[in-house]
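1. Model the structure of this input:
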Amino acid sequence: MAGSRVLLLTGYDGERPGGGREGLSRLIETVLGDLAGPPDVMRLAGRTAALDGLRGRLGGLDGVAAAELRARVADPATTVLVCDGSQLGGAAALARAARPDLPIITFCHNCETQFFVDALRAAPGLKAAGVLAGHWQAERLAMRHSSKVVALSQRDSAELARRFGRGADAVVPLALEDARDPAAEPERRAEPYALFVGGGFFGNLEGLRWYARAVAPSLKVRTLVVGRGLEGLGPLPANVELVGPVENLSPWYAGAALVVAPVLSGSGMKTKVAEALMHGKRVVGTKEAFAGYEAAVVAANHLCDDPQDFAAAINAVVAQPPPAFDPAMRALYEARHSPSAFRDGLAAVLADYLPVTSR
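-> Numbers count the residues shown, from 1 in each chain. Sure, this is the predicted structure:
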């Protein structure tokens with residue numbers, strides 16, 4: 001990337017192993033470096049003051065950080081600013097004012113406004129309303145001041161267009177770094193088990209409670225629930241076991257008969273589906289769980305919103321168990337949700353602004 005430099009603005013600290021959003025942020029940074037040389041990274045951290053939040057300056061974009069951003073974008077060596085998330089719209093507005101000619105690319109992990117509308121519905125309160133207001137303002141600024149907006153799915157693009165009058169200029173589906181360990185010894189249980197993997201955000205808690213109440217009573221198989229922050233689920237039926245956080249997911253995936261994704265609300269694409277494909281596992285999930293995934297992924301798995309259909313699909317998979325590692329599922333990951341696929345999508349976005357390396 002002779003004579004060019006990408007400035008990446010992100011809330012990812014570069015250290016947390018992370019999953020979900022953090023994993024995608026790490027992948028964006030890695031792929032940018034692969035395509036155009038190591039980016040100049042400005043990492044935001046800290047809490048946002050209430051007034052800054054209502055102005056759309058989220059994620060620690062205080063006066064000190066704003067001054068640093070102005071200085072960095074003023075550097076003529078900076079060719080492109082990439083904002084890692086539409087919650088950084090306040091930074092995009094600041095950069096646009098400081099240097100009107102600078103191309104600004106905003107990579108949307110989801111429609112933040114929709115996500116926090118759902119969060120407010122799940123837990124109403126003044127704080128949640130304030131968080132929603134701040135993200136609405138930030139996302140509005142991102143849509144207004146970005147040269148190019150990238151979304152994970154056409155659904156997110158349509159939601160952005162509905163709320164702000166502008167959708168995405170490009171769609172680059174969710175991708176994950178390959179974390180599967182082919183040599184991992186499968187988690188051994190006396191009977192086959194279904195696996196749920198996810199953190200304790202409201203969408204997972206809501207979906208798991210629905211699953212425990214409406215699906216689990218009809219199951220002929222045990223469900224293991226793996227992830228952090230799920231202690232607030234409340235009482236679970238005897239055939240749903242809360243395992244909690246684990247150091248390595250590969251043994252749990254390797255030992256599972258299938259993966260369940262009972263997600264009822266949210267925005268963006270659900271990491272758990274791509275992660276299951278990465279591990280060669282079939283998924284039984286809701287329409288929301290498969291949102292943003294192409295038809296080939298949905299057709300190869302099981303989409304069920306009715307709890308009895310959901311349970312019947314799980315029981316049918318267990319009755320005729322698929323291979324412990326299904327190459328067809330893995331092929332779907334590699335084609336659409338691997339770093340290689342993500343690289344191709346991001347290369348097309350960057351090509352309008354700077355030279356990128358070829359394979």
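2. from here on, contacts and neighbour counts on C-alpha atoms
-> Will do.
3. Give the buried residues for the lengthiest helix in the chain.
-> Across the chain, the helix with the greatest residue count (assigned by DSSP state H) is helix 126-145. Neighbour counts using 16 or more other CA atoms under 10 Å place 128-145 of helix 126-145 among the buried residues.
4. quick one: that helix to chain centroid distance?
-> When distances are taken as CA atoms, centre = their mean, to the nearest Å, helix 126-145 is centred 19 Å away from the chain's centroid.
5. Pull the CA coordinates from that helix and hand them back as PDB.
-> Coordinates of each C-alpha in helix 126-145 appear next as PDB, following Å, rounded to 0.1, in the frame of the first residue of the first chain:
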ATOM      1  CA  LEU A 126     -34.600   5.400  31.900                       C
ATOM      2  CA  LYS A 127     -31.000   4.100  31.500                       C
ATOM      3  CA  ALA A 128     -32.000   1.800  28.600                       C
ATOM      4  CA  ALA A 129     -34.000   4.700  27.000                       C
ATOM      5  CA  GLY A 130     -30.900   6.900  27.300                       C
ATOM      6  CA  VAL A 131     -28.700   4.300  25.700                       C
ATOM      7  CA  LEU A 132     -31.200   3.900  22.900                       C
ATOM      8  CA  ALA A 133     -31.200   7.600  22.300                       C
ATOM      9  CA  GLY A 134     -27.500   7.800  22.200                       C
ATOM     10  CA  HIS A 135     -27.200   5.000  19.700                       C
ATOM     11  CA  TRP A 136     -29.900   6.400  17.500                       C
ATOM     12  CA  GLN A 137     -28.000   9.700  17.300                       C
ATOM     13  CA  ALA A 138     -24.700   8.000  16.700                       C
ATOM     14  CA  GLU A 139     -26.200   5.800  13.900                       C
ATOM     15  CA  ARG A 140     -27.900   8.800  12.300                       C
ATOM     16  CA  LEU A 141     -24.500  10.600  12.200                       C
ATOM     17  CA  ALA A 142     -22.800   7.500  10.700                       C
ATOM     18  CA  MET A 143     -25.400   7.300   7.900                       C
ATOM     19  CA  ARG A 144     -25.000  11.000   7.200                       C
ATOM     20  CA  HIS A 145     -21.200  11.300   7.200                       C
END
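6. now the helix or strand following that helix: how far from the chain's centre is it?
-> Secondary structure here is assigned by DSSP states H and E; on that basis, the next helix or strand after helix 126-145 toward the C-terminus is strand 148-151. If you compare the mean C-alpha spot of strand 148-151 with that of the full chain, they lie 15 Å apart, counting by CA atoms, centre = their mean.
7. And stretch 133-150, by the same measure?
-> Here stretch 133-150 shows a centroid-to-chain-centroid distance of 18 Å under the convention CA atoms, centre = their mean.
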